[in-house]
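*Asks:* The following block contains a protein sequence and its predicted model.
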Amino acid sequence: MLALCAIVVARAVIVTVTLNHLDDHAKLVSGTWQPASADARAVLTALVDEETGERGFLITGDKSFLHPYREARAALPDTLDELRLRLHGHPGLLRELDAVESAARHWREVGPRRELTARRDAGTRQAQRLVARGAGKRAFRQVRARVDTFQQAIDAQLVDAQEQADTAIATLRTTYDWSAGFLVLVVAGTAVVMRRWLLAPVEALRRNLRAVATGQLHLPIEAVGPVEVAAIGADAEAMRRRIIAEVDAGRAATQALLQRGPVVVGLRRQLDSGPTDGLSGVDVYGLLQPAEGLLAGDWWDSVRRPDDSTALVVTDVAGHGADAGLSAARFKERLTILLRTELDLLTAFQVAAADLDDRPERLLTCLVVQVQPATGQVTWINAGHPSGLLCRRVGDSIDTRALTTTGPLIGFPADPWTVSETTMTPADLLLVFSDGVTEARRADEEFGRAGVVRTLTRLPDLTPATAVTEIVHAVRAYADNAQRDDITCAGLRLAPA
């Protein structure tokens, strides 16, 4: 009996330590190395977009090629910052990342900056001569080589973490085999010294245990015979069930490592905003930065309505991470589908908000702004969300009008929502954002609406892309902990006639 107890205790300790080890490596895979690998690929994509846009402009003179060039340059610093946060505590990888950034700066200096300056000052032929010399091309090859080296280092860490998880699963299986075999030996030795009248129930117990030891875990161990033998049988049955549970847990952990990444990426794609090039008469741009991994409780989108108006939507689900992301995805699917119908704005919103979630405590805030580009009419519903802003430059300052609350939070029993109206002109910029912008904190002070206005005041032109990019960058620079909440911001401006 003492030997049996020792085996159970030793096995429990080994299994507990191994499961903790497995959980740690699973978190490393899904929380650090998979996102870092995706970010590293995003760095290469941004650099390629930047290089392609610059080459296209030099060859054709078409300024539309500079759009991806500028977008890539604007997005790259945020991606590098995210990578540095993920790789904190890994100095070797951070040095590799510094080498990537240094190579990118060198390429921009000898390539795009000189070539674009030459085209502006001396014309296309001088720029093409610089391109023909190949300095920019050679520098870009060095950038790609640095990114490839960095990507390989991250992927090596990812593979190592996955192998460690596989080793932990193998340890669980070995522990099961070891404990089951010793249990058979203990029971067999006990049968030899027991009296003859115990042999029949002990032999039956031995048969059951042998079946379990050979892998027939589905066969129950019956607790029969005298009290002592029945107690052993009950303990063996409990161990069999525990072994089954832990084997299933190990199998589930392996499947989770294989499935979790694609599922999360797929759900993030569902929450991403749709394309804005199909909108009529407006220019729209937005950014979303989740607080945890890839999933956020926030989302924003722009929808072209049947009357050619555009609906700009931003929603914030209480909480963040996977659970909040699922609720956000359900609400987004309902609301965006209804906004594409002939229903008026209020009816579409009310239908989408009705019976939203099977969890009554789940609360959402939402701001829906409908803009008619032909007339400049602005109609909105604000369900407990931070007020949107209509911004216009007046001299050296920014004049703002707030799209204030018109009803309660979604999921909160209170009075129904109403619709408010105003107008905007091509000089106005419409901004919508989540509380991750206004409630970003440094010590005891919030970024607030004042921080948004300060950021806009410094900008030469209130375009959606520039304003949104600078506001998100300013929030991250201001906050003591930029990962405390999801950060979402989107802007809309009437397109020039």
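*Replies:* Perfect, I can see it now.
*Asks:* Please make it C-alpha for all contacts and neighbour counts, starting now.
*Replies:* Noted.
*Asks:* What part of the chain, helix or strand, is modelled with the least confidence?
*Replies:* Least confident helix or strand, the chain: helix 227-271 with a mean of 64, by mean pLDDT, DSSP states H and E.
*Asks:* Toward the C-terminus, what is the element adjacent to that helix?
*Replies:* Moving toward the C-terminus from helix 227-271, the next helix or strand (DSSP states H and E) is strand 282-289.
*Asks:* Can you give me the domain boundaries for this protein?
*Replies:* Here the chain is described, according to automatic domain parsing, as comprising the domains 1-270, 272-494.
*Asks:* highest average neighbour count across the ones you listed?
*Replies:* Highest mean neighbour count of the domains of the chain: domain 272-494, a mean of 19 (counted as mean count of other Cα atoms under 10 Å).
*Asks:* quick revisit: lowest average confidence across the domains of the chain, which one?
*Replies:* Among the domains of the chain, domain 1-270 has the lowest mean pLDDT, at a mean of 74.
*Asks:* ok now it, how far from the chain's centre?
*Replies:* 16 Å (Cα atoms, centre = their mean, to the nearest Å).
*Asks:* One more: stretch 346-359?
*Replies:* Averaging C-alpha positions (Cα atoms, centre = their mean) puts stretch 346-359 25 Å from its chain's average.
*Asks:* how about Q216, secondary structure?
*Replies:* Counting by DSSP: H, G, I helix; E, B strand; the rest coil, the backbone at Q216 sits in coil.
*Asks:* And V13, by the same measure?
*Replies:* Here V13 is helix, with the state taken from three-state DSSP.
*Asks:* how far away is it from L19?
*Replies:* 10 Å (Cα to Cα, to the nearest Å).
*Asks:* ok, now V368?
*Replies:* The separation that V368 has from L19, given Cα to Cα, amounts to 46 Å.
*Asks:* ok, now G278?
*Replies:* Distance from G278 to L19, by Cα to Cα: 50 Å.
*Asks:* measure stretch 435-454 end to end?
*Replies:* One end of stretch 435-454 to the other measures 17 Å (Cα to Cα).
*Asks:* Also stretch 108-116?
*Replies:* 10 Å.
*Asks:* Then stretch 362-378?
*Replies:* Stretch 362-378: ends 29 Å apart by Cα to Cα.
*Asks:* For that stretch, give me every contacting residue.
*Replies:* 280-282, 308-318, 345, 379-385, 387-388, 409-412, 421-425, 432, 494 (Cα atoms under 8 Å, 6 or more residues apart in numbering).
*Asks:* change it to 7 Å
*Replies:* 281-282, 309-318, 379-385, 409-412, 421-425, 494 (Cα atoms under 7 Å, 6 or more residues apart in numbering).
*Asks:* Can you tell me which of those residues end up in helices?
*Replies:* Among the contacts of stretch 362-378, the subset assigned to helices under DSSP state H is empty.
*Asks:* Could you list which of the residues you listed belong to strands?
*Replies:* 282, 310-317, 379-383, 421-423, 494 (DSSP state E).
*Asks:* Can you tell me how far G451 is from Y478?
*Replies:* Remark: distance between G451 and Y478 (Cα to Cα) = 9 Å.
*Asks:* So which residues of this protein form strands?
*Replies:* 282-289, 298-304, 310-317, 364-372, 377-383, 388-394, 397-403, 420-423, 429-433, 441-442, 445-446, 487-494.
*Asks:* Can you convert these into a markdown table and add a column each for distance to V229?
*Replies:* As requested, the strands of the chain are arranged in a markdown table below (distance: least, Cα to Cα, whole Å):
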| stretch | distance to V229 |
| --- | --- |
| strand 282-289 | 61 |
| strand 298-304 | 60 |
| strand 310-317 | 57 |
| strand 364-372 | 59 |
| strand 377-383 | 67 |
| strand 388-394 | 74 |
| strand 397-403 | 76 |
| strand 420-423 | 78 |
| strand 429-433 | 69 |
| strand 441-442 | 65 |
| strand 445-446 | 69 |
| strand 487-494 | 63 |
